[in-house]
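Colleague: here you go, sequence then predicted model.
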Amino acid sequence: MSLRFFNDATAPVDSVTPLAAGNGFLMRYGYTVVQCGWQYDLPEGQGLLRLHAPEALNPDGSRISGRIRFTFQPNNPSPVHSLIDEAFRPVPLLPSDVNDPEAVLTVRDRDAAPPKTIPRDQWSFARLENDRLVPEKTMIYLKSGFIPGKVYQAVYTVTGSRVSGLGLLAVRDITSFVKYGTTEDGNPFAGQIERAYGFGISQTGRFIRLFLYLGLNVDERGRQVFDGLISHIGGGRRAEFNSRFAQISSLSKRTASYLFPFTDAEETDPASGRRKGLLSRQKARSGVPKIFFTNTSTEYYGSLGSLIHTDVEGTRDIEPSQDVRIYMFSGTQHGPGTIPLRYIGIGNAKTQHPANTVDYRPLLRTALVNLDRWVTQGERPPPSRYPRISDGTLVQPSRIATTFDAIPQVSYPKYLRALTPSDYAPGFEEGRAQATANAPPLETGIGFTNLVSAVDADGNELGGIRLPDITVPLATHTGWNMRHPEMGGAEQTVGLTGASIPFPINRATRETARDPRRSIQERYNSKKEYLTIVEEKAKQLVADRCLLPEDLETVLAHASQRYDLLMT
């Protein structure tokens, strides 16, 4: 992933084919890329880097049993659904007994809606074979059929738990080895590594947040491991990476991802009265690295991105620690945008609007260079740039709904993917207790506050680092998109996918559509004028140290491609 996000390299269709070097950015800057397997739940083979974690056992040597929750949202109608998370094809945690009378299946209209329990005689762990039910641990069957867009949650007992937290130690130890190991130790990089930087995106961005929360950035000899870390698109979440029956690859929102604290600086949890921060334990142990938390607009709509810099109630800003910078990439989606326009989101989900086209990777390259200079030269990076309550750029979602509702055939999300905190067993977040002591967990009733960036008259965001796509726009770019009616739940967002909603081409098409946004031809007299303004805005980003001079050409090329696309 580092080559894809920093080098613009094309990912192979399998994990055996070597990645292309792309634009060679990391190599030109002298970086050595080390990758380490840390997940126990990846399948065998396919060239994947996998952690071979041992199974945890009871003191008497017997296997551990406990209850887990498996959550899914179908995109198509079907009487059966897999209990294996298809997004990652992991080794599944399957029911110990397909006839378990204590197993529970619930359904919700959306993530945060109240659950309804489906009677046990209406569903079973089974598959359909020639219209006959056959018991099957990997499948779940519902007599009335699963409805697209609904959120289902199965709770059942499993047996066998891997020591998933070893993945955190594997990353710590391999980094310490390449940084400090000698030739006699067998270190092929002995004497060549000056600094160690960690980069994680999405799932591994949350991994970095948990790594810091547990204070693991010192090795067994007390030496600092990472000098700098970039946690990208992790939002305000951590994850089930250090607990019994951990569902590491689950994309579900109904997991132990949403646990206090969220900010790196200390704050008080209104539910428990506890006061701590994401870095409290690391600060106590020393070894705090320089840290960048970078997020897209999508994390503010689906992963509580605002909570990393506000209090839990969303009433005031909380400034990051002196060793931390927070950057939000305005008007972007979870992954870098591409052209042409496609009505397809993550996991081939159908969307109501074209997927976001903004490619933010030039901002990531700049972030890495700024982090490196901070660590090696003491050159402080640009101040954090994210939407704030104090200046009116961080607001309740309802404040900006009318802007989008005025755009033809566009509706602002009625329901965002936000949840209420869950009361897990004491010690769960440290991985000490049964992960399923409360399965499903009890909801405390104190909801998380989901704030998002304010927008201008075109619907483009005002907070964060704004690429020319946003400051010299051809479209409205968002971090959210809507589920297509064919998939059900049309009032819900498509996870991880944003939208690019083009402006009308000219005044006539604008007036016919009754679109309040000025047309492209009304904004720019020609493509040449448009690109001249883009270049001016890009040079300002260079002056602000948010963009590398070498990426000016890249940004102009992106702008040229998008102009040609949207004008045709």
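Modeller: Looks like it came in fine. Numbering: from 1, shown residues only.
Colleague: quick check: the residue nearest the centre of the chain vs S272, distance?
Modeller: Central residue of the chain (Cα atoms, centre = their mean): S202, 3.6 Å from the mean position. To S272, S202 is 28 Å away according to Cβ to Cβ, to the nearest Å. Any C-beta I mention is one placed from the backbone N, CA and C, and that applies to glycine too.
Colleague: and F6, by the same measure?
Modeller: 39 Å.
Colleague: neighbour-wise, which of these two wins?
Modeller: Per other Cβ atoms under 10 Å, whichever of F6 and S272 has more neighbours is F6, with 22 against 12.
Colleague: my read is that one is in a helix, agree?
Modeller: Yes. Counting by DSSP: H, G, I helix; E, B strand; the rest coil, F6 falls inside a helix.
Colleague: what sits against it?
Modeller: For F6, the contacting residues are 25-26, 199, 361, 364-365, 368, by Cβ atoms under 8 Å, 6 or more residues apart in numbering.
Colleague: buried subset of these?
Modeller: Among these, those buried by neighbour count (16 or more other Cβ atoms under 10 Å) are 25-26, 199, 361, 364-365, 368.
Colleague: identify the residues contacting stretch 460-468?
Modeller: 297, 327-332, 358, 360, 362-363, 385-388, 393-394, 453-456, 470, 473, 476-477, 533-534, 537-538, 541, 546, 555, 559.
Colleague: tell me the mean pLDDT for that stretch?
Modeller: In this model, stretch 460-468 has a mean pLDDT of 98.
Colleague: now swap in stretch 281-288 and tell me
Modeller: Stretch 281-288 shows a mean pLDDT of 97.
Colleague: and the strands in the stretch 251-400 of the chain?
Modeller: 267-268, 275-276, 290-296, 324-329, 394-395 (DSSP state E, counting those that start in this stretch).
Colleague: same check, this time on the stretch 51-200 of the chain
Modeller: 55-56, 65-72, 78-82, 104-108, 116-118, 123-124, 126-129, 132-135, 139-146, 151-159, 161-162, 197-201.
Colleague: out of the contacts of stretch 460-468, which are buried?
Modeller: For the contacts of stretch 460-468, buried by 16+ other Cβ under 10 Å: 297, 327-332, 358, 360, 362-363, 385-388, 393-394, 453-455, 470, 473, 476-477, 534, 537-538, 541, 546, 555, 559.
Colleague: inside helices: which ones of those?
Modeller: Mapping those onto helices (DSSP state H) picks out 297, 362-363, 470, 534, 537-538, 541, 555, 559.
Colleague: so what's A20 closest to, chain neighbours aside?
Modeller: A9 (4.9 Å; Cβ to Cβ, 6 or more residues apart in numbering).
Colleague: who's in contact with that neighbour?
Modeller: 3, 19-23.
Colleague: for K414, same thing?
Modeller: 491-492.
Colleague: can you check F199 too?
Modeller: 1-2, 5-6, 229-230, 232, 368.
Colleague: output the below-cut-off pLDDT ranges for the stretch 351-500 of the chain.
Modeller: Applying pLDDT under 70 to the stretch 351-500 of the chain flags residues 417-448.
Colleague: switch to 90 and redo it
Modeller: 411, 414-450, 486-492, 494-495 (pLDDT under 90).
Colleague: which stretches of it form helices?
Modeller: 361-377, 401-405, 468-471 (DSSP state H, counting those that start in this stretch).
Colleague: and the spatially closest residue to S286 that is not a sequence neighbour, what are its bridge partners?
Modeller: Distances taken as Cβ to Cβ, 6+ apart put V218 closest to S286, at 6.7 Å, once the chain neighbours are dropped. In this entry, V218 is beta-bridged to Q224, by DSSP bridges.
Colleague: how far away is V218 from R285?
Modeller: For V218, the distance to R285 equals 6 Å [Cβ to Cβ].
Colleague: more neighbours: which of the two?
Modeller: V218 (18 against 15).
Colleague: which residues touch that one?
Modeller: Taking Cβ under 8 Å, 6+ apart as the test, what V218 contacts is 224-225, 285-287.
Colleague: quick one: which of these is most hemmed in?
Modeller: V225 (23 neighbours).
Colleague: hmm, that residue is touching L212, no?
Modeller: No. At 11.0 Å, V225 does not count as touching L212 under the criterion of Cβ atoms under 8 Å.
Colleague: could I get the pLDDT score of T298?
Modeller: On pLDDT, T298 comes in at 96.
Colleague: now for it: which residues touch it?
Modeller: Contacts of T298 by Cβ under 8 Å, 6+ apart are 233, 332-334, 479-480, 496-498.
Colleague: report how many residues lie close to S176.
Modeller: Count around S176 with other Cβ under 10 Å applied: 20.
Colleague: skip the chain neighbours and tell me the closest residue to it.
Modeller: Distances taken as Cβ to Cβ, 6+ apart place D219 nearest to S176, at 4.0 Å, with adjacent residues excluded.
Colleague: per-residue pLDDT, the one you found?
Modeller: Per-residue pLDDT puts D219 at 97.
Colleague: residue contacts, it?
Modeller: Counting by Cβ under 8 Å, 6+ apart, D219 touches 172-173, 176, 180, 225.
Colleague: repeat for P504
Modeller: P504 neighbours (Cβ under 8 Å, 6+ apart): 510, 513, 515, 517, 519-520.
Colleague: rerun that using 6 Å as the cut-off
Modeller: The contact partners of P504, by Cβ atoms under 6 Å, 6 or more residues apart in numbering, come to 510, 515, 519.
Colleague: restricted to helices, list those.
Modeller: Taking DSSP H as the definition of helices, the contacts of P504 contribute R510.
Colleague: of the contacts of P504, closest to P115?
Modeller: Nearest to P115 among these, counting by Cβ to Cβ, is D515 at 40.1 Å.
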